[in-house]
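1. Give me a 3D structure for the following:
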Amino acid sequence: MKNYQITQWCANFIRQQVQEGDLCIDATMGNGNDTLLLSQLCGTSGKVYAFDIQKQALEATQAKLTAENAPENYTLLLESHTNMDKYVGSGSVSCIVFNFGYLPGGDHTLATKAETSIQALTTALSLLKKGGMISLCIYSGGDSGFEEREQILIWLKELDPHRYLVIKSDYYNRPNNPPIPVLVIKN
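-> This is a model prediction of the structure:
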């Protein structure tokens, strides 16, 4: 087995989830890695909406998509992930990807916050189609603190088990507050 980083671990499940023609969301586009993956997986007949509040993230993502010759099936939005429901309908999305924390290489004071992250996650649940999946990479410690991580984990634990399957994993023997990968699947 490979020595998976959290993004690779989550990408493995995203690859199993997303099919040609799917509608997907990258809720925290960052440097564009997940947007690129979603774009390639859903293909020319699919659609990806990617959100970030930082212009630097949008520019980096656009450059990555262009350099990798990604299908032109994406819309990059300089907007909060709390507004996802303004762009897609309820019950229509196959996969939504979140990376909580701050933009790698960006301003560490501009990080996701518990209140808006949970608001976006709540919206994401309503957008998922049956069998749809949310992938979460929860980073904490250092600059990003622990409050958001703890509040998201509490929120996840309280999801109705008849409606959602929540799979939380961890890097059990890694020091320094390793990130937490989580999958949420709509039953």
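
2. And the strands in this structure?
-> 23-26, 47-52, 74-78, 93-100, 128-138, 164-168, 180-186 (DSSP state E).

3. What pairs with the fifth one, parallel or antiparallel?
-> What it means is strand 128-138. When sheet partners are counted by DSSP bridges, strand 128-138 sits next to strand 93-100 (parallel), strand 180-186 (antiparallel).

4. tell me the most buried of those strands?
-> strand 93-100 (a mean of 26; mean count of other C-beta atoms under 10 Å). Just so you know, the C-beta spots here come from the backbone N, C-alpha and C atoms, and that holds for glycine as well.

5. Please report the distance of Leu159 from Leu125.
-> Shown here: Leu159 relative to Leu125, a distance of 8 Å by C-beta to C-beta, to the nearest Å.

6. from what I can see Leu78 touches Glu59, true?
-> No. Using C-beta atoms under 8 Å as the test, Leu78 is too far from Glu59 to be in contact (9.7 Å).

7. what's the nearest residue to Leu121 if we skip its chain neighbours?
-> Computed as C-beta to C-beta, 6 or more residues apart in numbering, the closest residue to Leu121 that is not its neighbour in sequence is Trp155, at 6.7 Å.

8. now swap in Asp22 and tell me
-> Ser94 (3.8 Å).

9. Mind listing the residues bridging to the closest residue to Lys130 other than its chain neighbours?
-> Closest residue to Lys130 apart from its sequence neighbours, by C-beta to C-beta, 6+ apart: Lys186 at 5.9 Å. Applying DSSP bridges to Lys186 gives these bridge partners: Tyr164.
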